[in-house]
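**Student:** Let's see this in three dimensions:
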Amino acid sequence: MPVEYRSPKYDLDQSIDVARRITDRGSGAAVSGAELAAFLGYTGTNNGAYLNRVSAARMFGLIEGNANSISATDRAEQIIHPDYPQTADRARLDAFRSVPLFGAFLEAFKGRELPDEAGMVNALVGRFRVPEKEAKPVLARLLLSADQAGLFRVAGAGRMIEPTLAPPPSAPAKTDDLSPLPALMLQDSPDRRFPKIIEATLDLMPSGPPWDEAEYEEWLAFFDQACRVYYRIARGSKIEKA
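**Tutor:** Okay, the predicted model is just below:
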């Protein structure tokens with residue numbers, strides 16, 4: 001029996017907005033269905049449009065939970081609050097592919113010249129078993145979501161191509177347990193009494209009393225770290241006397 005592919009009633013950006021209404025409440029927030037309906041402007045959770053919005057957001061993998069506690073997924077957080085631009089780009093692509101129909105359509109036409117509208121409608125009806133009366137609006141949401149996922153960024157609207165996304169910058173290598181500090185702070189000049197990194201810590205000392213215990217301990221820890229970085233002293237090592 002031919003596979004019937006599911007697709008959302010709303011596009012990707014509209015579905016991201018559902019997750020954003022939850023993240024606006026704070027990181028890791030969870031809301032009830034009644035709250036989410038109100039945030040989206042619906043009268044209640046039995047509203048058909050609300051149910052379709054929630055279903056679409058789930059299909060894109062942007063929200064999770066039950067009617068009593070709905071939260072945004074990590075994928076949604078990566079789109080709404082990305083640490084790097086490519087983080088959001090990758091999450092949008094993953095969201096598009098997670099919709100069964102959209103992912104199958106992408107695999108069928110990826111990199112190829114897309115058919116005209118009639119040809120794409122025929123593909124949806126014949127190959128993907130989309131009901132004929134729904135095919136045109138389904139196609140419109142699919143193409144709009146593809147654009148929102150960056151699939152037309154490379155070659156325009158005629159071809160769906162997954163853009164090559166650079167990996168996020170790797171963390172700088174650490175020596176033992178010493179935290180990296182800006183290179184500028186390691187630079188010295190002939191007229192400096194102390195290395196710049198040391199002077200930077202001295203500049204943090206108060207100009208006069210009082211100086212409470214907590215502030216002193218915080219400064220002392222920073223000074224210790226600065227000395228260890230500049231003089232390359234690993235913790236637990238001993239300095240040999242001349």
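**Student:** switch to C-alpha atoms for all contacts and neighbour counts from now on
**Tutor:** Fine.
**Student:** Contact partners for residue 96?
**Tutor:** For residue 96, the contacting residues are 12, 60, 102-103, 145-146, 149, by Cα atoms under 8 Å, 6 or more residues apart in numbering.
**Student:** of those, closest to residue 124?
**Tutor:** Distances from the contacts of residue 96 to residue 124 were compared by Cα to Cα; the smallest belongs to residue 102, at 10.4 Å.
**Student:** Mind putting the contacts of residue 96 into TSV with distance to residue 232?
**Tutor:** Output for the contacts of residue 96, formatted as TSV (distance: Cα to Cα, whole Å):
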residue	distance to residue 232
12	51
60	49
102	54
103	52
145	52
146	52
149	47
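**Student:** For residue 119, state which of the residues you listed is nearest.
**Tutor:** When those are compared for distance to residue 119 (Cα to Cα), residue 102 comes out closest, at 16.1 Å.
**Student:** Return the distance of the residue nearest the centre of the chain relative to residue 72.
**Tutor:** If you average the C-alpha coordinates of the chain and look for the closest C-alpha using Cα atoms, centre = their mean, you land on residue 78, 1.5 Å from that point. From residue 78 over to residue 72 the distance is 10 Å, taken as Cα to Cα, to the nearest Å.
**Student:** Residue 18 too?
**Tutor:** Using Cα to Cα, one obtains 9 Å as the distance from residue 18 to residue 72.
**Student:** Those two: which is more packed in?
**Tutor:** Looking at residue 18 and residue 72 with other Cα atoms under 10 Å, you find the greater number of neighbours at residue 72, namely 27 against 24.
**Student:** And the more buried one, how close does it get to residue 101?
**Tutor:** For residue 72 relative to residue 101 (Cα to Cα), the value is 22 Å.
**Student:** where in this structure is pLDDT low?
**Tutor:** Applying pLDDT under 70 to the chain picks out residues 1-4, 168, 170-200, 203, 207, 214, 219, 234-242.
**Student:** Tell me where it has helices.
**Tutor:** Secondary structure of the chain (DSSP state H): helices located at 12-23, 33-39, 48-59, 74-80, 85-98, 100-109, 117-126, 135-148, 196-202, 213-231.
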